[in-house]
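[1] Sequence plus predicted model, see below.
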Amino acid sequence: MEANARWVALTAVAPVAWGANYFVTHEFLPAGSPLYGAALRALPAGLVLLALCRWRRPHGAWWWRSAVLGSLNVSVFFVLVYVASQLLPTSVASTVMAVSPLTMTLIAWPLVSERPRTAHLSGAVVGLAGVCLMLLTGAEGVSVPGVLASAAAMLVSSFGHILTKRWSADTDVLASTAWQLTAGGLFLLPAAAVVEGPPPALSTPALIAFGYVSLAATALAFTAWFTGLRHLPAGTVGLIGLLNPVTGVLLGTMVATEVLTVQQLCGLVLVLAGVVLGRPARAGRRGTGRTPGQPDTHRHPARGPSHSQPR
C-alpha cells in the first residue's frame with residue numbers, strides 16, 4: 001500500500017504541472033503561434049530526456065510506435081491545449097479535462113483489459129461533480145472553439161495515454177517518453193514553418209515561460225504520468241488527473257486574486273474524495289505474488305516471460 005501511495009504521489013506531479021501550464025500559456029506565450037508554441041514545448045523536453053537516457057535509440061516496433069504516440073500525445077494534443085489555453089480562462093480550459101477519468105477508464109477496458117471497477121466509476125462521478133461545482137459558475141462567457149479544442153485534446157490524450165500503457169509494459173519509461181516528445185516536436189516544426197511562417201519573437205518572460213512549459217509541464221510531468229500508468233490502473237491515474245482543474249482554480253485564487261467561494265470549496269472537497277475513492281487496491285488482493293517488473297505469468301501463462309512481444 002505504501003508503494004501505491006508513492007506511485008500516486010509521483011503521478012500527481014503531472015496534473016498539478018499541467019494545471020499551471022494553462023495559466024502560463026494564457027498569460028505569457030504568444031497567442032497566434034500554436035504550432036510553434038507546441039513545438040517549442042515538445043522538442044527541448046524530448047532532447048533533455050534523450051540526453052538523460054544517453055541518447056538510447058528505439059528498436060524494432062518502437063520506431064513506428066514512437067511516431068504514432070508522438071503524433072497523438074504530443075503533436076495534436078499540444079496544439080489543441082495551446083489553442084484552448086489562449087481562448088479560455090485557466091479554470092474553464094481545464095474543466096473539460098475532468099471528463100478524462102471516465103474516458104480513460106472506458107478506453108482501457110478494450111485496449112489493456114482493465115475492466116472498470118466500481119470504485120473508479122464512483123470516484124469519477126464524484127470528482128466530476130466536484131469539478132462542476134468549482135468551475136461552472138456561469139460568471140464568464142465561454143468560447144465555443146476553445147471548448148471544442150479542449151474536448152478534442154481530452155479525447156486524443158485519453159486514447160494516446162492508454163495506447164502508451166498498452167505498448168510500454170517492457171520499455172524504459174524515460175526513453176519512450178523522450179522519443180515520443182522528440183518525434184512530436186519534429187513533426188510540428190515543418191508544419192509551423194509552412195503555416196505560421198517565421199518563428200515569433202519571444203520576450204524574456206516568454207522565454208522563461210517556455211522553460212517552465214517544456215521542462216516542468218512536459219519533460220517532468222510526462223515522465224511522472226507515464227510512470228504512473230505503468231504501475232497503477234488507468235482508472236486511478238485518470239482520477240489523479242482531476243488535480244489539473246483543482247490546480248487551475250487554486251492558482252487563479254492565489255495569483256490572480258480571484259475569490260474562492262463556498263461552492264468552489266465544496267467542489268474541491270468532492271474532487272479530493274473522488275481521488276480517494278478511486279485509489280488502487282492492495283497489491284496482495286490479486287494474489288499473484290508478483291514483484292514490480294516481474295512478468296505476470298498468472299494472467300498470461302501461455303506467454304510466460306516473453307510477453308513483451310508486439311501487441
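    Right, received. Where do you want to start?

[2] Counting neighbours, what do you get for the nearest residue to Leu43 once chain neighbours are set aside?
    Among residues not flanking Leu43 along the chain, Gly185 sits closest, at 3.0 Å (C-beta to C-beta, 6 or more residues apart in numbering). (Glycine included, C-beta is placed from N, CA and C.) A count of neighbours around Gly185, defined by other C-beta atoms under 10 Å, yields 25.

[3] thought Gly185 was touching Ala39?
    Yes - the criterion here is C-beta atoms under 8 Å, and Gly185 meets it with Ala39 at 5.3 Å.

[4] so how many other residues sit close to the nearest residue in space to Leu49 that is not next to it in sequence?
    Closest residue in space to Leu49, ignoring its immediate chain neighbours: Ala178 at 3.5 Å, by C-beta to C-beta, 6+ apart. When neighbours are defined as other C-beta under 10 Å, Ala178 has 27 of them.

[5] do the same with Gly32
    Other residues close to Gly32 by other C-beta under 10 Å number 9.

[6] do the same with Pro110
    9.

[7] so where do the helices sit in the stretch 51-200 of the chain?
    Taking DSSP state H, counting those that start in this stretch as the test, the helices found in the stretch 51-200 of the chain are 62-69, 77-87, 90-95, 100-112, 118-135, 144-167, 173-196.

[8] Reformat those helices as JSON lines; add mean pLDDT and distance to Ala224.
    Converted to JSON lines, the helices of the stretch 51-200 of the chain look like this (pLDDT from 0 to 100; distance: least, C-beta to C-beta, whole Å):
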{"stretch": "helix 62-69", "mean pLDDT": "92", "distance to Ala224": "17"}
{"stretch": "helix 77-87", "mean pLDDT": "91", "distance to Ala224": "16"}
{"stretch": "helix 90-95", "mean pLDDT": "69", "distance to Ala224": "18"}
{"stretch": "helix 100-112", "mean pLDDT": "78", "distance to Ala224": "16"}
{"stretch": "helix 118-135", "mean pLDDT": "76", "distance to Ala224": "19"}
{"stretch": "helix 144-167", "mean pLDDT": "88", "distance to Ala224": "13"}
{"stretch": "helix 173-196", "mean pLDDT": "95", "distance to Ala224": "9"}
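
[9] Identify the residues contacting the residue nearest to Leu43.
    Contacts here follow C-beta atoms under 8 Å, 6 or more residues apart in numbering; on that basis Gly185 touches Ala39, Arg41, Ala42, Leu43, Pro44, Ala45, Gly46, Gly70, Val74.

[10] and the gap between it and Ala219?
    Noted for Gly185: a distance of 12 Å to Ala219, by C-beta to C-beta, to the nearest Å.

[11] can you count the residues close to the residue lying closest to Thr223 once chain neighbours are set aside?
    In this structure, Thr223 finds its nearest non-sequential neighbour in Thr177, 5.2 Å apart by C-beta to C-beta, 6+ apart. The local packing of Thr177 (other C-beta under 10 Å) involves 31 other residues.

[12] Good, wrapping up.
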